[in-house]
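*Asks:* structure here, sequence nowhere to be found:
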């Protein structure tokens, strides 16, 4: 709270702290939405510049900053890609979300049962883009359903259904095999 208040009063060190706290998460999310690394970096730069320039007018509560930044980045990328006409067909409503599971991949590699690992990855790859994104935001970024709804521009109930359907699909694909490995894919290691 104190860092946020110092940032809003113009303290550059506090701004740097906020930037460093969120940049990795935002960059990772942005590169999952858009494979154009330069566009993601430009969008991030614009986002933080706007945040700094409008800091004294912001009505954001510090606990909602992550949600605000994720949503603002997504909107910025959509605008940027639409303006450049390089967006994928249907990008606005159905982002081709392809999360990269670097830490999770290491967990999978350490598992002894290769058959379960193959089934888990197969199940994740079969999920529709909206379900992948909803599950990623829920389990990797620990966002609330209401925050995910704001990012995906759908209702809270729709987010719940997307996550439920994704988990149900994964369970069906895996069958009777143990499923705890699936949940370890999305738990952020801290």
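*Replies:* Arrived safely, thanks for sending. These figures come from a predicted structure and were not determined experimentally.
*Asks:* which helices and strands does the longest helix belonging to the chain pack with?
*Replies:* Counting by DSSP state H, the longest helix found in the chain is helix 12-33. For helix 12-33, the packing partners by 3 or more CB pairs under 8 Å, 6 or more residues apart in numbering; DSSP states H and E come out as helix 2-8, helix 37-53, helix 65-84. Yep, even glycine has a C-beta here, placed from its N, CA and C like the rest.
*Asks:* so how far is the first one from its chain's centroid?
*Replies:* The reference is to helix 2-8. 25 Å (CA atoms, centre = their mean, to the nearest Å).
*Asks:* could you give me the buried positions within that helix?
*Replies:* Of the residues in helix 2-8, 4, 6, 7, 8 count as buried by neighbour count, 16 or more other CB atoms under 10 Å.
*Asks:* from residue 153, how far off is residue 5?
*Replies:* From residue 5 over to residue 153 the distance is 31 Å, taken as CB to CB, to the nearest Å.
*Asks:* what do you get for residue 69?
*Replies:* From residue 69 to residue 153 the distance is 16 Å (CB to CB).
*Asks:* got it, and residue 15?
*Replies:* Distance from residue 15 to residue 153, by CB to CB: 29 Å.
*Asks:* of those two, which one has the most company?
*Replies:* It is residue 15, of residue 15 and residue 153, that has more neighbours when counted by other CB atoms under 10 Å, with 18 against 13.
*Asks:* buried stuff in stretch 122-138?
*Replies:* Neighbour-count burial for stretch 122-138 [16+ other CB under 10 Å]: 123, 124, 127, 130, 131, 132, 133, 134, 135, 136, 137, 138.
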